[in-house]
Structures are given as structure tokens and as C-alpha cells.
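Engineer: Dropping a prediction and its sequence here:
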Amino acid sequence: MSYFDAASAAPLHPVARQALQASLDEGWADPARLYREGRRARLLLDAAREATAEAVGCRPDELVFTSSGTRAVHSGIAGALAGRRRVGRHLIVSAVEHSSVLHSAEVFEADGGSVSEVPVLRTGAVTAESYENALRADTALACLQSANHEVGTEQPVASVAEVCRRAGVPLLVDAAQSLGWGRVEGDWSLLTASAHKWGGPSGVGLLVVRKGVRFAPQGPVDERESGRAAGFENLPAVVAAAASLRAVRAEAALEAARLRELTERIRARVPRSVPDVEVVGDADRRLPGIVTFSCLYVDGETLLHELDRAGFSVSSGSSCTSSTLTPSHVLKAMGVLSEGNVRVSLPSGTPAEEVDRFLDVLPGAVAAVREQLGAPAPETVVRDDVLVVDALGKRCPIPVIELAKVIGDVPVGGRIRVLSDDEAARLDIPAWCQMRAQEYVGEEPADQGSAYVVRRLS
């Protein structure tokens with residue numbers, strides 16, 4: 001079985017396993033106590049904090065350990081917003097942030113704050129200019145991920161941080177995906193990360209608050225972790241997280257070059273071996289081990305099951321894998337195809353032979369899913385010289401399949417009106433038009449769902 005979902009959780013690094021086992025014997029006592037066992041636990045906690053701070057590039061007293069990366073994000077955003085409440089109640093986030101950031105923004109907005117969502121380019125990247133345009137006199141905080149968790153695109157953190165610094169606005173960086181590969185450059189103010197993303201144990205997050213940043217911890221006061229992370233420290237896991245971060249950093253340069261070559265191989269071969277595929281994300285400014293592509297006329301959930309049976313564990317941002325049938329907010333913000341989406345994220349040490357085997361298996365898996373899907377014949381009717389395709393009640397990817405089947409039935413310049421109540425159609429039909437060099441006229445209201453109008457250009 002080949003595990004290709006390291007962006008969700010990386011396998012436990014051997015160094016983390018060793019450190020975890022050793023610290024279970026040495027680090028079980030309360031590090032706040034003055035007796036021998038407590039002092040020993042305190043030494044382990046301090047050493048872990050210093051090692052992690054060195055890897056991050058901050059002072060040890062600026063860094064606290066939390067119970068998860070999500071908790072670090074929630075605490076960081078809430079504390080920074082509360083600390084700058086006198087400045088104003090305006091928050092800036094990008095449209096492709098991790099859900100933990102967006103959920104924090106929703107809570108803030110529900111409490112009377114205002115939120116500006118910065119759009120992204122088709123590559124998934126923001127621009128420093130877009131953040132500069134979003135800044136206001138009452139902006140209390142801006143947030144930006146260092147790299148995207150779904151498509152691997154790296155963000156221009158240093159440039160955005162400089163824009164925010166000139167405006168006197170702190171920037172919180174979610175570094176969960178990138179910290180294992182290196183420090184986050186730029187004059188950022190707050191940083192969060194999660195150990196299970198770099199091969200540490202789950203249940204350990206990092207929150208860094210630079211000296212001079214106004215910060216007011218929210219919730220009941222706790223004496224541990226500078227009052228910023230309540231509860232007894234999971235010392236064995238913290239020690240293992242610090243040890244594994246140092247270990248992966250020592251290997252990062254060579255492993256990044258090796259994984260980048262493997263993902264380049266995937267990016268190049270998938271469009272050649274599988275028809276009707278869109279590879280998404282920035283081709284150059286991206287993390288070493290992540291590559292994402294979407295396949296037309298494919299049910300994402302069925303494709304993931306097919307690949308799982310073939311021995312490959314991958315992830316997807318397709319709406320077809322979601323119980324809500326809502327496309328990935330990342331793919332939606334990018335304006336790219338969401339149906340049949342596959343995210344391959346290679347853990348360190350992935351053999352090249354396994355990637356080649358994946359590339360050999362993928363074309364057959366996609367073809368099998370397309371055949372299994374057995375796309376039904378579209379129900380069509382001509383109204384006022386417009387071919388109407390009734391795809392109501394049919395889910396991704398059927399509306400796009402039915403559109404593709406009838407595009408040749410209208411003359412060049414003719415229009416097709418696709419009726420659909422599937423949320424994914426709002427994203428996938430325009431993406432299909434761009435891939436097929438057809439004109440997407442727009443969305444119109446309908447008695448049920450929406451009508452998506454396409455004009456045939458060739």
C-alpha cells in the first residue's frame with residue numbers, strides 16, 4: 001500500500017517515535033513542580049521549546065505549545081483581534097485559507113466584526129497588492145497561509161508581511177504545510193503550525209507571538225504556556241515533535257529536490273496519459289511533494305475508491321467526495337475544475353518506483369470510473385434556438401458529461417442551456433468551457449436550480 005496523503009498527516013518520523021518512547025519514561029511529571037521529577041520534566045520542555053524556536057526562527061519565550069494546529073490558529077486569531085480591539089474590528093483573510101482560519105473569521109463576523117476575503121489568481125496565489133488594497137484604518141489583523149494545503153502553491157508571505165508592516169497591521173501566518181521544509185521568511189507577527197504535518201505526533205500545535213505584538217489571550221486564565229494554551233502539557237508528544245522537526249529539517253534540502261522531481265514527473269505524465277485532465281496550482285512556486293489534478297467526467301469518490309483498491313491512498317477536493325456536495329473552497333476560489341479531483345502528497349522517503357506504479361495504474365483507474373459511471377443520455381429539448389439540457393437532480397460530474405455529449409449537436413455560435421441544481425456545476429461548467437475553448441455566457445435563474453448558458457465556438 002502506498003500512502004500519498006502526507007498533506008493531511010505525515011507518517012510518524014522514526015526520530016519522533018524514539019523520542020516519544022524515551023520521554024514517556026522521563027517526562028511524565030508536572031514540569032511546574034520543584035521536586036526532582038518535575039525539574040527533569042521542565043528541562044525536557046525547555047529543551048523542546050528552544051529546539052523548536054530555533055527551527056521557526058523566533059525566541060523561545062515567543063513560542064507556546066498547544067493541543068493542535070487548529071487550536072493554535074483559533075487562539076492566535078482570537079488573541080490578536082482582542083489585543084487590537086481599540087484599533088478596530090476588521091480582519092483580512094485569503095480565500096484559500098485552511099478551514100480553521102475561515103471558521104475563526106466566521107465567529108468573528110458573527111460577533112460583529114467585519115471580514116475581507118482576498119481573492120487568488122488561478123494558480124492559488126494571492127498578490128501583495130490585493131492585501132494592500134484590503135487594508136483599512138480599522139484593520140486589526142491579516143492572515144495568510146505560507147503554502148496551500150490542497151494544491152501546494154506557496155504564498156508571497158514576505159511581500160504581504162512588508163505591506164502589513166508599513167500599515168502597522170500584524171500578519172498571522174499559518175505555516176502548517178511548509179514549516180517542515182524551512183523557515184517562513186518575512187517580517188510576520190504571529191505563526192501557527194501542527195506537528196503531525198512534518199512527521200511529529202498528532203495533538204501538538206505551535207503558536208508564536210512576536211514580542212511587541214498586542215495579544216490578549218481569550219478564555220479562562222491558565223498559568224501554563226504563558227497563559228496562551230490552557231491545560232497540562234503533553235510533554236512526551238512535545239519532545240517528539242521538536243525532535244522530529246529537527247530531523248526533517250536536516251533532511252529537507254535533499255529530500256525536497258528528490259520529491260520535486262517526482263511531482264514534476266506526475267505533472268508531466270498525467271496530462272499525456274489521461275485525457276481531459278487539468279493539473280492545478282502553481283507549476284513553480286509550490287511545495288516539493290504536492291501535485292493536484294482534476295479529471296473531467298469522473299466521480300471523485302469513485303476514483304478514490306478505485307485507487308485505494310489498487311493500493312494508493314490519495315485525497316481529493318472534489319465535491320463528489322463530500323457529504324455536502326459542495327466543491328472545495330480552494331478549487332472554487334481558484335476557478336479551476338473540481339470534479340474528479342486528486343491530490344497526491346508524497347511523504348518523505350517515497351520510492352520513485354511507487355510513483356511510477358501510480359502513473360501506470362492511474363489511466364486505467366480513470367477509464368474504469370468513466371465506464372462505470374455510464375453517463376445517461378441527456379434529456380434535451382430546443383427552445384428558442386437554444387438547446388436545453390435537463391440535468392436537474394443529477395450530481396457531479398453528470399451535468400458536465402451531458403453538456404459534453406451535446407455540444408456537437410448545436411451549430412457554431414449556437415447556445416446550450418444546462419439546468420442543474422448541483423452546486424459543483426457553478427464551478428465545473430465554466431472550467432469545462434475554458435478547457436474546451438467554448439464560451440461560458442453565464443448563469444441565469446431557473447424555476448429549479450440554475451441555468452448555465454454555453455455558446456459553441458468551435
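Structural biologist: Arrived safely. Numbers count the residues shown, from 1 in each chain.
Engineer: Wait, Ala82 touches Arg228, no?
Structural biologist: No. Contact criterion C-beta atoms under 8 Å: Ala82 and Arg228 do not qualify, at 12.0 Å. C-beta here means a position set from N, CA and C on the backbone, and glycine is covered the same way.
Engineer: so Ala242 sits in a helix?
Structural biologist: Yes. Assessed with DSSP: H, G, I helix; E, B strand; the rest coil, Ala242 lies in a helix.
Engineer: Find the nearest non-adjacent residue to it, please.
Structural biologist: Ala48 (3.8 Å; C-beta to C-beta, 6 or more residues apart in numbering).
Engineer: now Glu109
Structural biologist: In space, Glu109 is closest to Val115, 4.9 Å off (C-beta to C-beta, 6+ apart).
Engineer: hmm, back to that, which of Ala82 and Arg228 has more neighbours?
Structural biologist: Applying other C-beta atoms under 10 Å to Ala82 and Arg228 shows that Arg228 carries more neighbours, namely 21 against 14.
Engineer: and the more buried one, what are its phi and psi?
Structural biologist: phi -100, psi -10 (degrees, to the nearest 10).
Engineer: Which pLDDT value goes with it?
Structural biologist: Model confidence at Arg228, given as pLDDT, is 85.
Engineer: repeat for Glu379
Structural biologist: 57.
Engineer: same check, this time on Val101
Structural biologist: 97.
Engineer: Next one: it from Val336, what distance?
Structural biologist: Here Val101 is placed at a distance of 21 Å from Val336 (C-beta to C-beta, to the nearest Å).
Engineer: between these two, who's got more neighbours?
Structural biologist: Val336 (29 against 24).
Engineer: helix/strand/coil for that one?
Structural biologist: Going by three-state DSSP: Val336 is coil.
Engineer: Can you tell me the closest non-neighbouring residue to Gly182?
Structural biologist: Spatial nearest neighbour of Gly182, excluding adjacent residues (C-beta to C-beta, 6+ apart): Ala252 at 6.3 Å.
Engineer: Any idea how far the helix or strand hosting that neighbour is from the middle of the chain?
Structural biologist: Following DSSP states H and E, one finds Ala252 within helix 235-273. Centroid separation for helix 235-273 versus its chain: 16 Å, with C-alpha atoms, centre = their mean, to the nearest Å.
Engineer: Could you list the buried residues of that helix?
Structural biologist: For helix 235-273, the neighbour count (16 or more other C-beta atoms under 10 Å) marks 235-249, 252, 255-256, 258-260, 262-263, 265-267, 269-270 as buried.
Engineer: Show me what that helix is packed against.
Structural biologist: helix 14-26, helix 36-56, strand 277-280, strand 290-295, helix 352-373 (3 or more C-beta pairs under 8 Å, 6 or more residues apart in numbering; DSSP states H and E).
Engineer: so it versus helix 36-56, what angle?
Structural biologist: 30 degrees (axes from the mean of the first three to the mean of the last three C-alpha atoms, to 10 degrees).
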